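Undergrad: The amino acid sequence is not available; the structure is as follows:
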């Protein structure tokens, strides 16, 4: 019997492709955001409202990740931006290998900001690199304020948390200060935004942050 | 669910190293999995039993070494292992801390004959 020591990261193959993806994005001057959330948190609505808010400031493209269907891509396409749908065939998250052909199919030279909507899931997508420059989780008010306790792996892996559906705060038992404390406790450097896709509340701040991050990374201006 | 893709990758790395060593077969595979890496042992085992037949790793025993999450408190620097729903420092009660352990996920070694 022979023991062979390996010590190889099981996600190494993914991470190598993710590095290629990021190099491709950097070459085109495209800033990519990996948007994660549970199903129904408002990822697609946030994406569409973000596109509308940034119209004239940044050229946006989108990748829609879903287990099945073209529904989200069709919705996003009505906002007039290039969009590619990835169906994972039941898979619980996007990986770098799925994203690569989508990047090749998009006119990256004409995209400053690429919004990648991951599969709705607060567990599996956390920490798996796609080639993105920043990671964002959307948490919506109806989901409850205890999500960071239940999914710490997600909340420690992101650069920003967007609290969506804040227009519903008066009607629901969601303790906003407690939620914010929890998030900051887990991840002290995280940016937190409070938004409503219905009323547009908070979108200026969120959009300005995206523009700033995008410019810092790529020097893009409009 | 992503354990299928993960298990195929574990199998790929295993076969690659076993072939390099000109082994007849792999008897044991040692994996290290941090509690924060969202990988479920039973699920990896299930997909391994499904994917490994016909490869040099058929019949190999999977060993899972779980690594508990470990945090360092940012206030008092106490190191502690958070309980599933409680990430408060047992010393000063402040919430959270820097993750110093628990995100591991790697293939440590294999045993071959």
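TA: Cool, the structure landed. These numbers come from a predicted model, not from an experiment. Numbers count the residues shown, from 1 in each chain, chains lettered A, B, ... in the order given.
Undergrad: Break down chain B into its strands, ranges please.
TA: B:26-34, B:61-67, B:70-72, B:79-80, B:98-101, B:105-112 (DSSP state E).
Undergrad: Let me have these in CSV, adding distance to residue A:138 as columns.
TA: For glycine as for every other residue, the C-beta is placed from the backbone atoms N, C-alpha and C. Shown next, in CSV, are the strands of chain B (distance: least, Cβ to Cβ, whole Å):
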stretch, distance to residue A:138
strand B:26-34, 25
strand B:61-67, 29
strand B:70-72, 25
strand B:79-80, 30
strand B:98-101, 22
strand B:105-112, 25
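Undergrad: Include distance to residue B:89, mean pLDDT and mean neighbour count when you put those strands into CSV, please.
TA: Listed next are the strands of chain B as CSV, based on distance: least, Cβ to Cβ, whole Å; pLDDT from 0 to 100; neighbours: other Cβ atoms under 10 Å in any protein chain shown:
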stretch, distance to residue B:89, mean pLDDT, mean neighbour count
strand B:26-34, 20, 97, 21
strand B:61-67, 20, 97, 14
strand B:70-72, 8, 93, 19
strand B:79-80, 6, 96, 15
strand B:98-101, 12, 91, 15
strand B:105-112, 26, 97, 20
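Undergrad: Can you tell me which of the ones you listed is nearest to chain A?
TA: With Cβ to the nearest Cβ as the measure, strand B:105-112 is the member of those nearest chain A (4.8 Å).
Undergrad: Contact partners for the nearest residue to residue B:41 once chain neighbours are set aside?
TA: Excluding the flanking residues, the one nearest residue B:41 by Cβ to Cβ, 6 or more residues apart in numbering or on different chains is residue B:64, at 4.5 Å. Residues counted as contacts of residue B:64 (Cβ atoms under 8 Å, 6 or more residues apart in numbering or on different chains) are B:31, B:33, B:41, B:44.
Undergrad: 6 Å instead, please
TA: By Cβ atoms under 6 Å, 6 or more residues apart in numbering or on different chains, the residues touching residue B:64 are B:31, B:33, B:41.
Undergrad: out of those residues, who's nearest residue B:98?
TA: Lowest distance from residue B:98 to the contacts of residue B:64 (Cβ to Cβ) belongs to residue B:33, with 20.3 Å.
Undergrad: how close does that closest one get to residue B:64?
TA: Using Cβ to Cβ, to the nearest Å, residue B:33 is found at 6 Å from residue B:64.
Undergrad: That'll do, ta.
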